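> quick one, what's the 3D model for this:
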Amino acid sequence: SKLNLVDLAGSERFQHQSAARQKESASINLSLNTLGNVISALTSPRKDGKRPFVPYRESALTKLLCDSLGGNANTLMIA
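Alright, predicted model coming up:
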């Protein structure tokens with residue numbers, strides 16, 4: 001049994017940050033975008049019956065959550 005708690009807060013005030021914080025915020029937003037792509041790939045079946053490509057390796061966040069998102073896992077997201 002495994003439990004992952006992840007705070008998925010993005011960056012809202014991008015322009016009023018230092019260069020280092022802007023780079024970190026861009027990385028966070030890219031990870032959130034990749035998480036959306038993974039969830040989309042997992043929930044949409046292909047027409048030819050094959051399993052779709054799931055881009056787990058595109059960010060560190062999706063690599064860490066790979067076990068909790070795919071396979072026989074139950075996942076709950078609270079917004």
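> now the strands for the protein?
Assigned strands in the chain: none (criterion: DSSP state E).
> centroid-nearest residue for it?
Nearest residue to the geometric centre of the chain (C-alpha atoms, centre = their mean): residue 35, 1.8 Å.
> does residue 64 touch residue 4 like I think?
Yes - assessed by C-beta atoms under 8 Å, residue 64 is found in contact with residue 4 at 7.5 Å. For glycine as for every other residue, the C-beta is placed from the backbone atoms N, C-alpha and C.
> give me the more crowded residue out of those two.
More neighbours surround residue 64 than the other of residue 64 and residue 4, with 14 against 11 (other C-beta atoms under 10 Å).
> longest helix of the chain, counting residues only.
helix 19-43 (DSSP state H).
> what does it rub up against?
By C-beta atoms under 8 Å, 6 or more residues apart in numbering, the residues outside helix 19-43 that reach it are 8-11, 14, 17, 52-56, 58-62, 65, 69-70.
> now for residue 32, how many residues are close by?
Neighbour count for residue 32, taken as other C-beta under 10 Å: 16.
> quick one on the thing from earlier: out of the contacts of helix 19-43, which are buried?
Among these, those scoring as buried are 54, 56, 58, 59, 61, 62, 65, 69, 70 (criterion: 16 or more other C-beta atoms under 10 Å).
> now the last one: how far from residue 55?
Taking C-beta to C-beta, to the nearest Å as the measure, residue 70 and residue 55 are separated by 11 Å.
> okay, now residue 45: neighbour count?
Neighbour tally, residue 45, other C-beta under 10 Å: 10.
> go on, residue 43?
By other C-beta under 10 Å, 8 other residues sit near residue 43.
> next one: it from residue 52, what distance?
For residue 43 relative to residue 52 (C-beta to C-beta), the value is 10 Å.
> check residue 69 too.
In this view, residue 69 and residue 52 are 13 Å apart by C-beta to C-beta.
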